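A.B. asks: the sequence isn't on hand, but the structure is:
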Ligand SMILES: Cc1cc2nc3c(=O)[nH]c(=O)nc-3n(C[C@H](O)[C@H](O)[C@H](O)COP(=O)(O)OP(=O)(O)OC[C@H]3O[C@@H](n4cnc5c(N)ncnc54)[C@H](O)[C@@H]3O)c2cc1C
């Protein structure tokens, strides 16, 4: 009997664990170690953040689902990995610390045959002065990264809209550091705020501004993309700027937010100049880092730097020595998601260390890096989770190495950014991009298959967004037919 | 004048004036239910092809 331990029960880890259990049945053991008791469909947190949904609408309890599926669920956080065992235990294991199930604070060693790291991001608010600390977000801004954050954001937004009935209010949305990713979430949130402001009749009294580390609007951490529209192939910059202009949203790009105070965001721009943006309400995405897992060899020596990149994400079969932007290639990106030193260890979703950014690295004359880091959105994350699960099943059955791949330069992503939630009132930008990481050898000029890279705005995208909400929650709850819903 | 009403909020030489602004007809199509049903089918097909191309 093989034992597979999945660290992290989010989008990618939950996908891995549920498929592993389905394919392996009761002859092998699947354990999920995750600190949260609730599963969260994170994309819908945007709707929670404007008060159109509640935390209850976007989460469900993991315990019942795992019990029904036969998955061993430990409500705990992984602390360290011991891929060679230790002096006492001759078997590889991880250490975990419980956060629930009545065992809060107690630690345990969990042995494994295969290990999947799907721990996602640490929301690194501490990277920017005044943004937050090791405990999380500070008191000057809000976030929509978790369902709790989003509920708080909705409450604050409501207060600002109330004040806007009598006094002009300033809203700032974007990224809170020069090395952030996840611009797509902030992009969706700013349009929902604008839509809500109109709905409650205060739009004329709120100035809404975007601030981000993208060198141009529409970069999205992917170096932008090109779309065929109206007989032209045009950059996403034009489409993004069009969307902002149409809705009277101002923007600041190429910004590294370096300090946050009550009602003020200080920033440095790519040209080296600095500025301060005042706000009554700000939702800024924090930079992401690995969750801080440690690794030790058999003798107890710290091998964290061997297993993890400096940003805390786990090294896999990527080319980490690609060097300058000019030398980058689509083949730098990992395919098997397998750790090069320990073949029974994998990392999926946000937890794997990308070889480099996707957007061209840029810095200000003062040497400040202002470059979006690579997005690893829901669809690619879930695909990675499934591919690794398939590989592990085959390896248990005798394959000598991973049989399935999920490479961001060979897979596409679909992204739907809504504005509003009503069936006939909201609209959404529905985008597809293929591949996520541009391959300039295969697709010279744009790096992408122009037939697979599309974008349009309308109710249709909005219906799809709602369907995704219903469909993915259905799938994650393992309701009848869940395997038929694609990742 | 009415034909450019959708541009009224754009200041000359501002960042906003350097991009394209949807015309009223384009905006109408975005919420025209019949047209959007067609687009709904089209986008779903596109996304399905994308998913099939992405699995290895
Ligand atoms: C507001 C917002 C909106 C978004 N909208 C979209 C969208 O519309 N479309 C899209 O495709 N993507 C979207 N994304 C991105 C998407 O949510 C991520 O790509 C996806 O969640 C990544 O999956 P993951 O499994 O890597 O990480 P997560 O889903 O974050 O899961 C990580 C899990 O690991 C757990 N964990 C943390 N530390 C430990 C530890 N030490 N031990 C064990 N477990 C641990 C966490 O509690 C969590 O359950 C959005 C993201 C945000 C923040």
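C.D. replies: Thanks, I have it. If you're wondering where the values come from, they're calculated on a predicted model, not measured in any experiment.
A.B. asks: right, is the biggest helix by length in chain B up against chain A?
C.D. replies: Secondary structure assigned by DSSP state H gives helix B:33-54 as the longest helix of chain B. Yes - applying CB under 8 Å from any CB of the partner chain, one finds helix B:33-54 touching chain A at B:33, B:35-37, B:39-40, B:42-44, B:46-51, B:53-54. (Glycine included, C-beta is placed from N, CA and C.)
A.B. asks: buried ones in that helix?
C.D. replies: B:36, B:39-40, B:43, B:46-47, B:50-51, B:54 (16 or more other CB atoms under 10 Å in any protein chain shown).
A.B. asks: next, format these as CSV and append pLDDT and distance to the ligand.
C.D. replies: What follows is the buried residues of helix B:33-54, written out as CSV (pLDDT from 0 to 100; distance: CB to the nearest ligand atom, whole Å):
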residue, pLDDT, distance to the ligand
B:36, 93, 20
B:39, 93, 19
B:40, 93, 18
B:43, 91, 15
B:46, 89, 16
B:47, 89, 12
B:50, 87, 12
B:51, 84, 13
B:54, 80, 13
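A.B. asks: of those residues, closest to residue A:127?
C.D. replies: Taking CB to CB as the measure, residue A:127 lies nearest residue B:54 of those, at 32.1 Å.
A.B. asks: what is the three-state secondary structure of the spatially closest residue to residue A:22 that is not a sequence neighbour?
C.D. replies: Leaving aside its sequence neighbours, residue A:22 sits nearest to residue A:483 (CB to CB, 6 or more residues apart in numbering or on different chains; 6.9 Å). Recorded secondary structure, residue A:483: helix (DSSP: H, G, I helix; E, B strand; the rest coil).
A.B. asks: neighbours of residue A:483, how many?
C.D. replies: 11 (other CB atoms under 10 Å in any protein chain shown).
A.B. asks: likewise residue A:305?
C.D. replies: Residues lying near residue A:305 (other CB under 10 Å) number 10.
A.B. asks: hmm, stretch A:455-467 touching the ligand?
C.D. replies: No - using CB under 6 Å from any ligand atom, stretch A:455-467 never reaches the ligand; the gap is at least 7.6 Å.
A.B. asks: for that stretch, what is the distance to the chain centroid?
C.D. replies: Averaging C-alpha positions (CA atoms, centre = their mean, to the nearest Å) puts stretch A:455-467 21 Å from its chain's average.
A.B. asks: skipping its backbone neighbours, what lies nearest residue A:240 in space?
C.D. replies: Nearest one to residue A:240, counting by CB to CB, 6+ apart, is residue A:218 at 3.1 Å.
A.B. asks: quick check, pLDDT for the one you found.
C.D. replies: With respect to pLDDT, residue A:218 scores 95.
A.B. asks: need the contact list for it.
C.D. replies: Shown in contact with residue A:218 (CB atoms under 8 Å, 6 or more residues apart in numbering or on different chains): A:224-225, A:235-241.
A.B. asks: from these, pick the one nearest chain B.
C.D. replies: residue A:241 (3.8 Å; CB to the nearest CB).
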